[in-house]
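1. Need a 3D model of the sequence below.
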Amino acid sequence: MTSRQDLPAPEQGLILTHFLTVRDVARSREFYADILGGQVVLTQNPAIVKVANSWIIMNPGGGPTPDKPDITLAPPTTGEVVSSFLNVRVADIAAFYADATAKGAQFLTEPLDRKAEIRCYLRDPDGYLIEIGQATGMLEGIFADIRPEDG
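-> Numbers count the residues shown, from 1 in each chain. Next up, the predicted model:
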């Protein structure tokens, strides 16, 4: 039996979850449980994996519904252009990277020092981008350089 504290159901206020439209619920559910150490709360309809202090909710795509009349949900079709990504913060990025790599995760690069943080990226089975980062310099007031276009 799933307890209320394992579900994204606040008794007051709000919580933030992340919904992913996936091609294969079982494959995605296992990825988030295994690579991110999540707890499978519901296996399907929707699948919910509790990861640390948040939840990832997964379901297949589909057409419009009465509450989203002009919206169709679909997983990513290309990996080159993204408009959002999951941002995961870890205490020890080297340990996370080694563990996830041993479990089969494929990172775009090894962790790179970006002054404010050390970070790297991987993709889930549907191609969603996931940033893995560890705060370093920002803990001492050192931040990334401001890009000229951000003025």
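2. Quick check: Leu82 vs Gly127, distance?
-> For the record, residue 82 is Val, not Leu. According to CB to CB, to the nearest Å, Val82 and Gly127 sit 9 Å apart. C-beta: built from backbone N, CA, C; applies to glycine.
3. Show me whatever sits in contact with both of the two.
-> Listed as contacting both Val82 and Gly127 by CB atoms under 8 Å, 6 or more residues apart in numbering are Pro76.
4. domain parsing for the chain?
-> What the record gives for the chain is the domain set 1-62, 76-145, from automatic domain parsing.
5. Let's have those domains in TSV, adding mean pLDDT and mean neighbour count.
-> Listed next are the domains of the chain as TSV, based on pLDDT from 0 to 100; neighbours: other CB atoms under 10 Å:
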stretch	mean pLDDT	mean neighbour count
domain 1-62	94	15
domain 76-145	94	14
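6. Output these in JSON lines, with distance to Lys68 appended to each entry.
-> JSON lines is the format used below for those (distance: least, CB to CB, whole Å):
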{"stretch": "domain 1-62", "distance to Lys68": "10"}
{"stretch": "domain 76-145", "distance to Lys68": "17"}
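7. nearest to Asp70, of these?
-> Asp70 sits nearest to domain 1-62 of all the domains of the chain, at 13.3 Å, using CB to CB.
8. Quick check: end-to-end length of stretch 32-40?
-> 9 Å (CA to CA, to the nearest Å).
9. Touching it from outside, list them.
-> 6, 29, 47-52, 56, 58, 88, 100, 103, 105, 122, 124.
10. In those, find the pair that's most separated.
-> Farthest pair in those (CB to CB) is Asp6 and Leu122. Separation: 25.6 Å.
11. Show the contacting residues for the residue nearest the centre of the chain.
-> Relative to the mean C-alpha position of the chain, the nearest C-alpha, by CA atoms, centre = their mean, is the one of Leu86, at 3.6 Å. If a contact means CB under 8 Å, 6+ apart, then Leu86 has His18, Ile56, Tyr128, Leu129, Ile130, Glu131 as its contacts.
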